[in-house]
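**Student:** Pasting the sequence and the predicted coordinates here, then a few questions.
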Amino acid sequence: MIRLNVSAHLAFRDFTLDAALDAEIDGVLALFGPSGSGKTTLLRVIAGLERAATGHVRFDGETWQDSAARSFVPPHRRGIGYVFQDARLFAHLSVNSNLLYGHRRTPASERRIVPDEVIRVLQLSPLLERRVEALSGGEKQRVALGRALLSCPRILLLDEPLTALDIARKDEVLPFIERVIDEFRLPAIYVSHAIDEVVRLARQIAFVSAGRIVACGPLEEITSRLDLRDYTSRLDAGAVIPVTVIGHDQANQLTRLGFPDGQLLAPHIDLPLGTAVRVLVRSRDVALSRVPPGQTSILNVLEGKVVAIDEPDGPQAHVLLDIGVPLWARIMKISVRELGLAPGVTAYALIKAVAVDRRSVGRPTSMDATPRP
Amino acid sequence: MEFDPSPIWLTLKLAVVSVAILLALGTPLAWWLARTRSPLKVPVEAVVALPLVLPPTVLGFYLLVLLGPLGPIGRFWVDITGTTITFSFGGIVLATVLHSLPFVVQPLQVAFEAVGRAPLEAAATLRARPFDRFLTIACGLSSRGFITAAVLGFAHALGEFGVVLMVGGSIPGETKVLSIAIYEHVEAMELDTAHALAGGLLAFSFVVLLVVYALNRRFRVRTTQEDSAS
């Protein structure tokens, strides 16, 4: 575990970053928030790309930046690996030279990560002799990821590496990011505004809003907090539920996911029994009923108790339900009244199986104390 | 009259030496101009561009005043070396460098500006120090700008006439460059010799440009991609 302590202030014409973050990074920490909230700026401060920022950056017992003490460690001496949104490969160099750019500048004693290994994990060998402009967007990000890894960083900083890609390309790159985090056991900070990426990769999450960190903690805990509903609902989030694969129904192509007090059916997930994963159940995919529904196409019916109801402006309400784990439902306010929902009332959550799909399933990282698939 | 090849060699020597000095001075100057936010940027840009608009005789005249044995720089030069800087090879190199400065600085500045901050930041996160970043990334991505700068500087030095005549006169083997030799041959009605020199210069210039543009084609795809990315 590595401690990161940042307090950064940086004013632009139309935006001010005023963020304080203190986290023990174990695996992946997601910086999550809407576009323009300051996630990238905060990451750039951590990397040392915003020298004008006031405040401090402390990493693993070292002070990287402290405006009061006028100290500043430049980015090339921080030992970071940075993957930019737009890859930023060097157009005048081959893929191979791009990969080795940082490695050649790494002292021999610090070269923990070797080219052969990175090329194998990221499947880069067919690309090595190619010119950079001949690569697809997804291939560029794989090379950028390999290039950052080969500089043998102490922490990997990923700035929305999938944002510039379309959905098909995202699915090409995301598994590689998972593998890298898995195999090289590097702490990482992952900037994103897409909750499904966060669920798949991160164990901790920091919410960024209007230049501030509004909350930071384990994913499951933060997504079930009522006071953060304003941020999570806007970002189309839901509840993150830690589950275990307990069965496969080959005939119907379904997978049974167990959690304390219940189970969920999902379309087939290709993971062995006993694998611990996290699933995201979006609040918009959850409907509520006061009585157990009779014949229904909905496979997941879970009994629970209403914990709290949040009714912000507008026609919708957010209902927090306890089904053994916290679960969010986004329903109309009129339904809250007609069903007589109130804290303590028993209700049934209805979740379509298709709402629990592979894309919203987070794989365990190597740091989870669970058997690896 | 016997054919004297010395203006050819002198002109090539002048062009090569000038381009070398121009690149050495022009690269840091262009880098500074491309990156600075200093209020001095605009006046410096204007001074660098002056030779584009000034008649060569005006530039040559002021250089003569400054560099002549009675001028402030010329006197200092005489004091430390015992020789005059005007009417010498060194003098015409200096004049050529000043006169060709915009032809070298401007393409380099444009190329450096096109590189932008993004690839340099990426290099910084890959453990590259500032000077390393400048050499391997900024200069590497600006290779086309360097070719353009060197060709324009070389071509301009090759055809230098007015400034060299003002500062260097026409001393055979020392300051009598090709264009001055051609002028003198025409004046003396030695049209055959003028033809030989002029035609040779024409053919040589054409071949040089041909080679450069052919080489440049190979860089084009790469460079335009980089432009659109930055």
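**Tutor:** Alright, I've got the coordinates.

**Student:** Tell me which residue in chain A sits closest to chain B.
**Tutor:** Evaluated by Cβ to the nearest Cβ, chain A has residue A:102 as its residue closest to chain B, separated by 3.3 Å. Backbone N, C-alpha and C define where each C-beta goes, glycine included.

**Student:** what's the neighbour count on that residue?
**Tutor:** 25 (other Cβ atoms under 10 Å in any protein chain shown).

**Student:** dump the residue contacts of it.
**Tutor:** In this structure, residue A:102 makes contact with A:81, A:147, A:148, A:150, A:151, A:152, B:125, B:126, B:127, B:128, judged by Cβ atoms under 8 Å, 6 or more residues apart in numbering or on different chains.

**Student:** So which of the residues you listed are in helices?
**Tutor:** When DSSP state H defines the helices, the subset of these inside them is A:147, A:148, A:150.

**Student:** Turn the residues you listed into a markdown table, including neighbour count.
**Tutor:** Output for these, formatted as a markdown table (neighbours: other Cβ atoms under 10 Å in any protein chain shown):
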| residue | neighbour count |
| --- | --- |
| A:147 | 29 |
| A:148 | 27 |
| A:150 | 25 |
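
**Student:** and chain B, which of those residues contact it?
**Tutor:** When the ones in helices among the contacts of residue A:102 are filtered against chain B using Cβ under 8 Å from any Cβ of the partner chain, the residues retained are A:147, A:148.

**Student:** if we can go back for a sec, does the residue of chain A closest to chain B count as helix, strand or coil?
**Tutor:** The local conformation at residue A:102, judged by DSSP: H, G, I helix; E, B strand; the rest coil, is helix.

**Student:** which one is it nearest to, not counting chain neighbours?
**Tutor:** Nearest non-adjacent residue to residue A:102, counting by Cβ to Cβ, 6 or more residues apart in numbering or on different chains: residue A:151, 2.8 Å away.

**Student:** so the one you found touches residue A:103, yeah?
**Tutor:** Yes: the pair residue A:151 and residue A:103 passes the contact test of Cβ atoms under 8 Å, sitting 6.3 Å apart.

**Student:** Now that we're looking at the closest residue to residue B:127 other than its chain neighbours, what pLDDT does it have?
**Tutor:** In space, not counting the residues next to it along the chain, residue B:127 is nearest to residue A:105; the distance is 3.9 Å by Cβ to Cβ, 6+ apart. With respect to pLDDT, residue A:105 scores 97.

**Student:** give the contact list for residue A:105.
**Tutor:** Contacts for residue A:105 (Cβ under 8 Å, 6+ apart) come out as A:76, A:151, B:126, B:127, B:128, B:132.

**Student:** Please identify the buried residues of stretch B:192-202?
**Tutor:** Buried residues in stretch B:192-202, counting neighbours by 16 or more other Cβ atoms under 10 Å in any protein chain shown, are found at B:193, B:194, B:197, B:198, B:201.

**Student:** Which member of those residues is positioned nearest chain A?
**Tutor:** Taking Cβ to the nearest Cβ as the measure, chain A sits nearest to residue B:201 out of the buried residues of stretch B:192-202, at 34.1 Å.
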